[in-house]
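A.B. asks: Pasted the sequence and its predicted model underneath.
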Amino acid sequence: MKTISVTIPCWAEEKSVRQMYERLTKVFREQLPRYNYEIIFVDDCSPDNTQGEIRKLCEEDKHVKGVFNARNFGFSRNVFASLLYGSGDATFMLFGDLQDPPELLPEMVKRWESGCKVVIGQRTKGNESKIMYAMRSLYYKLIKLLGGTDQIQHFNGFGLYDKMFIDVLRQLDDPAPYLKGIVSELAIGQSIVPYEQAASLRGKSGSNFLKNYDLAMLGITSYTKILMRIATFLGAGLGILSFLFALFILASKLLNWYSYPYGTATIIIGVFFIGAVQLFFMGILGEYVLSINTRSMRRPLVVVGERLNFDEDRSKNE
């Protein structure tokens, strides 16, 4: 009998932990009775009673396991680490706020059994403003243009992953992984299941502008090179134009020595323009350096403070 691991990254999900468990167990009981399962809640140091709710479930059902991070390590690191806890033949990942429907699991299992190693969910409609949805779409187009590779649009990690693919993820020694890019690049023969995203039971999103910016820059610095090359080409082009403009000014001054006006406005505009270009690309360069620095330190993805209902925990208690 095959086993399906369900991993659930959590942050401030005390309102949805119990409902998530009930909906998942109902799916396995009614639609997937031929499969063993484990449900692993991975809490990223929530500020509410999420860990307390997970503890209750772990006491009631040994199919439920808990992983509590020692501190908050952020969305992308916790999500990637959560995938690696799955020990089954396939790992199903969804998020604790129940925006992604557990009821899609049977369809994903069907496609997985037909030979697809990775079956992912793609949002066709999200519970967010049209402006935010449009900005996300623009970001995917931008990273495709800059990186030259297709990224899976409106994909957050929700999906079913074969054990072979999870083993590939375990081989990646990357303390700052960008899951969207990794799946796009390494998941061969993937299948996509469209769905409409529900409202978060948390009541508000755990993301903000800075978190979204951080995730976006992680994708750009991990999978694009063209920005740095644009800086090189633009710098060379501006240098050539500046040299030609200097020759033009010199010739004009020689031909009209007393009547040629000084271009104060032109100089000021030129200085501000070149300064803005320099500052922009210094910022981009800084993002790349920050990404390199983060990866070179080889820090662990997360530090686990406590694990519940895992084999090693039971063996210690026997």
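C.D. replies: Structure's in. What do you need?
A.B. asks: For this protein, just list every one of the strands.
C.D. replies: In the chain, the strands defined using DSSP state E lie at 3-10, 36-43, 64-69, 90-93, 118-125, 159-162, 191-196, 304-308.
A.B. asks: How far does the second one sit from its chain's centre?
C.D. replies: This means strand 36-43. Chain-centre distance of strand 36-43: 21 Å, with Cα atoms, centre = their mean, to the nearest Å.
A.B. asks: how big is the angle separating it from strand 3-10?
C.D. replies: 20 degrees (axes from the mean of the first three to the mean of the last three Cα atoms, to 10 degrees).
A.B. asks: Show me what counts as buried in strand 36-43.
C.D. replies: The neighbour-count check on strand 36-43 (16 or more other Cβ atoms under 10 Å) flags 37, 38, 39, 40, 41, 42, 43 as buried. Just so you know, the C-beta spots here come from the backbone N, C-alpha and C atoms, and that holds for glycine as well.
A.B. asks: these two touch, right, the third one and residue 66?
C.D. replies: This means residue 39. No - using Cβ atoms under 8 Å, residue 39 makes no contact with residue 66, being 9.6 Å away.
A.B. asks: Between these two, which contacts overlap?
C.D. replies: Common contacts of residue 39 and residue 66, defined by Cβ atoms under 8 Å, 6 or more residues apart in numbering, comprise residue 57.
A.B. asks: chain center to stretch 23-42: distance?
C.D. replies: 26 Å.
A.B. asks: What average pLDDT does that stretch get?
C.D. replies: Averaging pLDDT along stretch 23-42 gives 97.
A.B. asks: model confidence over stretch 271-291, on average?
C.D. replies: Stretch 271-291 carries an average pLDDT of 69.
A.B. asks: Tell me how many other residues crowd residue 152.
C.D. replies: Close neighbours of residue 152, defined as other Cβ atoms under 10 Å, add up to 17.
A.B. asks: wait, which of the strands of the chain is closest to residue 99?
C.D. replies: Closest approach to residue 99 among the strands of the chain is made by strand 118-125 (8.9 Å; Cβ to Cβ).
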